[in-house]
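*Asks:* Only the shape, not the letters, is given here:
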Ligand code: NAP
């Protein structure tokens, strides 16, 4: 029987929690070498959050040295594959066993609904670690075709020390997308989580060691981007940076790699994804997909369907349906209320950014159909109601700039050519969708939308078997799927001559 959760239940979980905010280096929690810490306001109510270690270059250096020592010793990469797999599967099990605790840490940090943290974020994090754990004893090397007097082994070898820098919107899930393949491939990792979402990263690391991952293979250094992320990306002994975050910071990461040791980079960046609805589409299905695609996680989703490109003849009917679905299904509540479907935005500065983009839309002539207003201000938290703007054109700021809030820009079109031109008129290429009953058109469109993932008559379906990532300024390299492991390895050829 499934457990009956209540607000009181979760309040009790919260008050019983011990919050650990120190780095995790070489298998141990450590304060910053400088002794510095920071706190921030909790998104759910604006109260002061836990104390977190404020890392700097010296902490990064210690973590990289620990990762390098573990790598060179071979304690992990040369371990029996079956044993490595067993450890990663145990790690996944421990994540599930500590699901309520991890969910609470995530909700405390980022303000997402507790039941989403538990049923989506914790679950997908554990599934991600398990997926790559299960690959460990199924990775084969190659023997190249050569003449009879020689043999050439083509080995796939880990790179060394991987710096992982992640954002705050799906911290545990994105951590798993990178930790899973990087560690399964035999690398060591130094993770710098977003300063807003340190708690789950620290706990994932201590659970990994509890599962048997050797000390030093997975280190976490918390802190600010400039002070902690930058020295990691500039470090001369880091072999690769796997980054998820904004396009702006992604460009800096490429620069740091070039300025230091030509380390590799993989970048999962921003989006402004188009969802195109033709007049022959199932409008009820489209309305539900649009609402959940744009408003889930309060719109703090890289592939949120923030641009609705809709055939003019059905625009009004579709927007009315989106409003109905939003009001009946997508409850905005306090994040510890088990009925909450969406919760708070990450912080006050981000709230201000979302409100200023909304104001820019109004100034540029867009019309608010519903929502998109600050609500629940009396809670002290940062809440914006999901909403839609119509009468938009694709050159308005609200249509071009990533908002990372629950706000949809609806742009009308008349012809298929026009719809495609608007869909592709963006610097991003992360995701897109088309809704139509005409399957020829659906396939024509899905080929023509320049994005890493395109959905037909649905939005946001995904699993670990499918690669995820972008084209254009949404970055390069792919997370998820068996292919994700490739970027954490490279080929090494070993020749042997006979006779
Ligand atoms: P962000 O500001 O780019 O930060 C991402 C990470 O980079 C954080 O850990 C941040 O640390 C760090 N950072 C900031 N400045 C840095 C610097 N100079 N050097 C090294 N590291 C630095 O992004 P965010 O606001 O956390 O997340 C939202 C963005 O992530 C959106 O653009 C979203 O589209 C993107 N995203 C993309 C995907 C995808 O798969 N494509 C998935 C999720 C999110 P601090 O937090 O301390 O600044």
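*Replies:* Yes, it's here. Being a predicted model, the structure only gives us computed values, none of them experimental. Numbering: from 1, shown residues only.
*Asks:* Show me which residues of the stretch 351-499 of the chain sit near the ligand.
*Replies:* Those residues of the stretch 351-499 of the chain that sit near the ligand, judged by C-beta under 6 Å from any ligand atom, are 402, 404, 430, 470, 474. Where you see a C-beta, it was placed from the backbone N, CA and C, and this is true even at glycine.
*Asks:* rerun that using 8 Å as the cut-off
*Replies:* Counting by C-beta under 8 Å from any ligand atom, the residues of the stretch 351-499 of the chain close to the ligand are 402, 404, 430, 468-470, 474-475, 479.
*Asks:* could you dump those residues to JSON lines with secondary structure, neighbour count and pLDDT?
*Replies:* As requested, these are exported to JSON lines (DSSP: H, G, I helix; E, B strand; the rest coil; neighbours: other C-beta atoms under 10 Å; pLDDT from 0 to 100):
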{"residue": "402", "secondary structure": "coil", "neighbour count": "22", "pLDDT": "96"}
{"residue": "404", "secondary structure": "coil", "neighbour count": "25", "pLDDT": "97"}
{"residue": "430", "secondary structure": "coil", "neighbour count": "26", "pLDDT": "98"}
{"residue": "468", "secondary structure": "strand", "neighbour count": "19", "pLDDT": "98"}
{"residue": "469", "secondary structure": "coil", "neighbour count": "26", "pLDDT": "98"}
{"residue": "470", "secondary structure": "coil", "neighbour count": "27", "pLDDT": "97"}
{"residue": "474", "secondary structure": "coil", "neighbour count": "27", "pLDDT": "98"}
{"residue": "475", "secondary structure": "strand", "neighbour count": "27", "pLDDT": "98"}
{"residue": "479", "secondary structure": "strand", "neighbour count": "23", "pLDDT": "97"}
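*Asks:* From these, pick the one nearest residue 395.
*Replies:* Of all those, the one with the least separation from residue 395 (C-beta to C-beta) is residue 402, at 15.7 Å.
*Asks:* now the closest one: how far from residue 37?
*Replies:* From residue 402 over to residue 37 the distance is 31 Å, taken as C-beta to C-beta, to the nearest Å.
*Asks:* Under the pLDDT cut-off, which ranges of the protein? List them.
*Replies:* Counting by pLDDT under 70, the chain contains low-confidence residues at 1.
*Asks:* Off-centre distance for the helix or strand hosting residue 173?
*Replies:* Take DSSP states H and E as the rule and residue 173 turns out to sit in helix 171-184. Its chain's average C-alpha position is 10 Å from that of helix 171-184, according to C-alpha atoms, centre = their mean, to the nearest Å.
*Asks:* ditto for stretch 351-360
*Replies:* Distance of stretch 351-360 from its chain centroid, counting by C-alpha atoms, centre = their mean, is 23 Å.
*Asks:* now stretch 300-311
*Replies:* From the chain centre to the centre of stretch 300-311 is a distance of 17 Å (C-alpha atoms, centre = their mean).
*Asks:* try stretch 466-485
*Replies:* 12 Å.
*Asks:* got a list of contacts for that stretch?
*Replies:* Outside stretch 466-485, the residues within contact range by C-beta atoms under 8 Å, 6 or more residues apart in numbering are 128, 132, 135, 139, 174, 177-178, 180-181, 184-185, 242, 244, 247, 250, 265-271, 302, 426-431, 450-453, 462, 464-465, 487.
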